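**Q** structure for this input, please:
(2 chains)
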Amino acid sequence: MTELIQQIIDGLGRGGIYALLALGIAVIFGVMHLINFAHGELITVSAYSSYWLFSIGLDWWLIAPIIVVVALVTAVIIEFVAFRWVRGAPDFTMLMTSFGVHFLVQALFVMYVSANFRQFPRPEWIFATFRVGQLNLEIYDLTVIVITLLTLLATYLLLQRTMFGISLRAAAEDFDTARLMGIRSNRVIRSAFVLSGVLAGIAAVFWLMRSGQAGPTAGLSPMLKGVLAALIGGLGSLSGAVLGGFVLGLVEVLLISRLPSSIAGLTDGIVFLLIALLFVFRPQGLISVKHVERV
Amino acid sequence: MLGIESLTTRYGAITAVRDVELTVRAGEIVCLIGPNGAGKTTLLSTISGLLKPSTGRVVLDGNDVTGWAPDQMLRSGLALVPEHRRIFADFTVRENLMVGGVTQTASRREQLFDEITSLFPILKERLYTQAGFLSGGEAQQLAIGRALMSDPNVLLMDEPSLGLAPVLVDQVFELIGKLREGGRTLFVVEQNAQRMLSVADRAYVMRSGSIVTAGPAAELRGNEELFKTYLGRSGGAA
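**A** Here you go, the predicted model:
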């Protein structure tokens, strides 16, 4: 029982990061019908920024907020340079554009920085553990869970209570009608990328604290987890994306801890198999959304 | 107030609106009638900025607004109640109205909100209902109320009585009358030709993308020949 609670806490910590990534992907899918495979590049750029910020002598307390800003700015630049030009194009064109951005950013780092991974110091204090009864808790997991929940709460209030949020949700539900109400396409899409960038930035801080390295493919794994979580939740559903993130994190931790060590390496494969099964029985994901067809 | 000059809109190879000329003067109710597929909705979509015309001009208050985006048109005082209402089904009634007032300042939005909820008492009772659960008539009132939240000078309406029970159709036409008293200019596409002609000042008849007849509504109303030829049924009442 203790062991299970321990694993659930680990899973929620992992899942919190996935939830932040998935939510950013779902927000962009909502307004643009774009599955953003370039979402991981926000992590890649954040990773190199961290490496550089460490090299000039900053510590995590300063680096963390800077990374959030870096991810936000990167998201806005990617929208402006790439996605703005294919807006309204068929979904497939936008998908290819996001792959293009993904590979382009990787290539730029390989060409102008290095193909090798660069290490930077992890904040060791955050991986310290303390005991509560029989539980062995990592400060890291608790920090991730608390910050994720606060971020989700703030995002919820932003989307529900402000005109910014109402505009964003209107654009996600029916883009053309939102435009007829006076919502500006450029502005609402840029704000979706800003939100998605901030969420990815917060996720990046936690991801990079754990990985402690920067490389051209640093964003691949977080991007895949985010896209998977968003798919599990039902693409376009914001609450679904959050739920999907936590489910994915929990399933991973429970599998890793239960699989015999000889096949633990197959965790990702088994996760994909489970997701495939989910889609056989529930093709719309955990939470289904009706999409108004664009005219 | 609103002028359309030799406007043509194409979807690829198909010309949906062909060389249309029409004017709507301030304070008028002008209606556009015609059979399904005549290009009426395409015309409204082009005027409101959702579609770009291939050729021709749209003039609003003396300014050339051809090809402007919908949000620019709205800010210039032209709002559209779209076909099939297109209310935000996941939103509450209140949120739908708030989106309609997105271009207004916060205080003006509250003021408009009060005005419109008094104009539509049923919406006031349902403020926190999810809009997807409204009946057809309520949803239509919400769609009109939402458009009025931008306090438009010119209101375009696409088939406001479509799919409504007869008693609700009466309400819609009553409302159109009220809006006229409020000094708004209306350009309404409507299937229910007889009813519409009884409240409109002037009318245009559209068929296969072109305007085929125009004139004072009262004249067209008595024109049996017109109904037979262009609207495909006698009397025109649905």
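**Q** what's the residue nearest to residue B:73 when sequence neighbours are not counted in contact with, if anything?
**A** Using CB to CB, 6 or more residues apart in numbering or on different chains and skipping the chain neighbours, the partner closest in space to residue B:73 is residue B:49 (4.5 Å). For glycine as for every other residue, the C-beta is placed from the backbone atoms N, C-alpha and C. Counting by CB atoms under 8 Å, 6 or more residues apart in numbering or on different chains, residue B:49 makes contact with A:179, B:67, B:68, B:69, B:70, B:71, B:72, B:73.
**Q** make sure the fourth one is actually in contact with residue A:178.
**A** By that I understand residue B:69. No. With contact defined as CB atoms under 8 Å, residue B:69 does not reach residue A:178; the gap is 11.8 Å.
**Q** of those two, who's got more company?
**A** residue A:178 (27 against 17; other CB atoms under 10 Å in any protein chain shown).
**Q** so that one lies in a helix, does it not?
**A** Yes. When classified by DSSP: H, G, I helix; E, B strand; the rest coil, residue A:178 is found to be part of a helix.
**Q** quick one on the thing from earlier: give me the buried entries from the contacts of residue B:49.
**A** Buried by 16 or more other CB atoms under 10 Å in any protein chain shown: A:179, B:68, B:69, B:70, B:71, B:73, out of the contacts of residue B:49.
**Q** among the residues you listed, which two are most distant?
**A** Pairwise distances across these peak at 11.2 Å for A:179 and B:68 (criterion: CB to CB).
**Q** would you mark the buried spots in the helix of greatest length in chain A?
**A** Within chain A, and with DSSP state H defining each element, the longest helix by residue count is helix A:2-32. Buried residues in helix A:2-32, defined by neighbour count with 16+ other CB under 10 Å: A:6-7, A:9-32.
**Q** same thing with stretch A:48-66?
**A** For stretch A:48-66, a neighbour-count test (16+ other CB under 10 Å) marks A:48, A:49, A:50, A:51, A:53, A:54, A:60, A:63, A:64, A:66 as buried.
**Q** how far is that stretch from where the chain is centred?
**A** When C-alpha coordinates are averaged (CA atoms, centre = their mean, to the nearest Å), stretch A:48-66 and its chain have centres 21 Å apart.
**Q** give me the contacts around it.
**A** When contacts are taken as CB under 8 Å, 6+ apart, the neighbours of stretch A:48-66 outside the stretch itself are A:67, A:70, A:109, A:113, A:118, A:120-121, A:123, A:205, A:208-209, A:214, A:218.
**Q** re the thing from before, out of the buried residues of stretch A:48-66, who's nearest residue B:137?
**A** The shortest approach to residue B:137 among these belongs to residue A:64, at 53.8 Å (CB to CB).
**Q** show me the shaky parts of chain B.
**A** Per-residue confidence for chain B (pLDDT under 70) gives these ranges: B:232-238.
**Q** for it, what lies in contact range of chain A?
**A** Taking CB under 8 Å from any CB of the partner chain as the criterion, chain B approaches chain A at residues B:45, B:48-50, B:69-71, B:74-75, B:79-80, B:82, B:86, B:88-91, B:95, B:98-100, B:102-103, B:106, B:146, B:150.
**Q** contact residues of chain A facing chain B?
**A** Neighbours of chain B within chain A, by CB under 8 Å from any CB: A:163, A:166-167, A:169-170, A:173-174, A:176-185, A:290, A:292, A:295.
**Q** tell me the pLDDT at the residue nearest to residue A:119 when sequence neighbours are not counted?
**A** With CB to CB, 6+ apart as the criterion, residue A:119 has its nearest non-adjacent residue at 5.2 Å, and that residue is residue A:213. As predicted, residue A:213 sits at a pLDDT of 93.
**Q** which ones are touching residue A:213?
**A** Neighbour list for residue A:213: A:47, A:117, A:118, A:119, A:120 [criterion: CB under 8 Å, 6+ apart].
**Q** residue A:34 contacts residue A:98, doesn't it?
**A** Yes. In this structure, residue A:34 sits in contact with residue A:98. The criterion is CB under 8 Å, and the distance is 6.3 Å.
**Q** over to residue 114. Which of the three states is it?
**A** Looking at chain A here, since you left the chain open. Following three-state DSSP, we place residue A:114 in the coil state.
**Q** could you list the low-confidence segments of chain A?
**A** Of all residues in chain A, those with pLDDT under 70 make up the ranges A:290-295.
**Q** where exactly do the helices run in the chain?
**A** By default, I'm working from chain A. Listed in chain order, the helices of chain A (DSSP H) span A:2-32, A:40-55, A:60-81, A:91-112, A:139-161, A:163-173, A:175-180, A:185-211, A:220-233, A:238-258, A:267-281.
**Q** please go with chain B instead
**A** B:40-48, B:70-75, B:93-100, B:106-119, B:121-125, B:136-148, B:166-181, B:193-199, B:217-221, B:224-230.
**Q** list the helices and strands the fifth one packs on?
**A** Contact partners of helix B:121-125 among helices and strands, from 3 or more CB pairs under 8 Å, 6 or more residues apart in numbering or on different chains; DSSP states H and E: helix B:106-119, helix B:136-148.
**Q** most tightly packed of the ones you listed?
**A** When the helices and strands packed on helix B:121-125 are scored by mean count of other CB atoms under 10 Å in any protein chain shown, the highest mean neighbour count falls to helix B:136-148 (a mean of 23).
**Q** C-alpha coordinates for it, CSV please?
**A** Taking only C-alpha atoms (Å, rounded to 0.1, in the frame of the first residue of the first chain), the coordinates of helix B:136-148 have been written out as CSV:
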residue,chain,number,x,y,z
GLY,B,136,-34.2,26.9,-31.2
GLY,B,137,-36.0,30.1,-30.5
GLU,B,138,-33.9,30.9,-27.4
ALA,B,139,-30.7,30.2,-29.4
GLN,B,140,-31.9,32.5,-32.2
GLN,B,141,-32.5,35.3,-29.6
LEU,B,142,-29.1,34.7,-28.2
ALA,B,143,-27.5,34.9,-31.6
ILE,B,144,-29.2,38.2,-32.3
GLY,B,145,-28.4,39.5,-28.8
ARG,B,146,-24.8,38.5,-29.2
ALA,B,147,-24.5,40.4,-32.4
LEU,B,148,-26.2,43.4,-30.8
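**Q** burial of the closest residue to residue A:223 other than its chain neighbours, as a residue count?
**A** Of all residues beyond its chain neighbours, the one nearest residue A:223 is residue A:40 (2.7 Å), with distances taken as CB to CB, 6+ apart. Using other CB under 10 Å as the criterion, residue A:40 is surrounded by 27 other residues.
**Q** for stretch A:46-66, what is the distance to the chain centroid?
**A** Offset of stretch A:46-66 from its chain centre (CA atoms, centre = their mean): 20 Å.
**Q** thanks a lot, see you next time.
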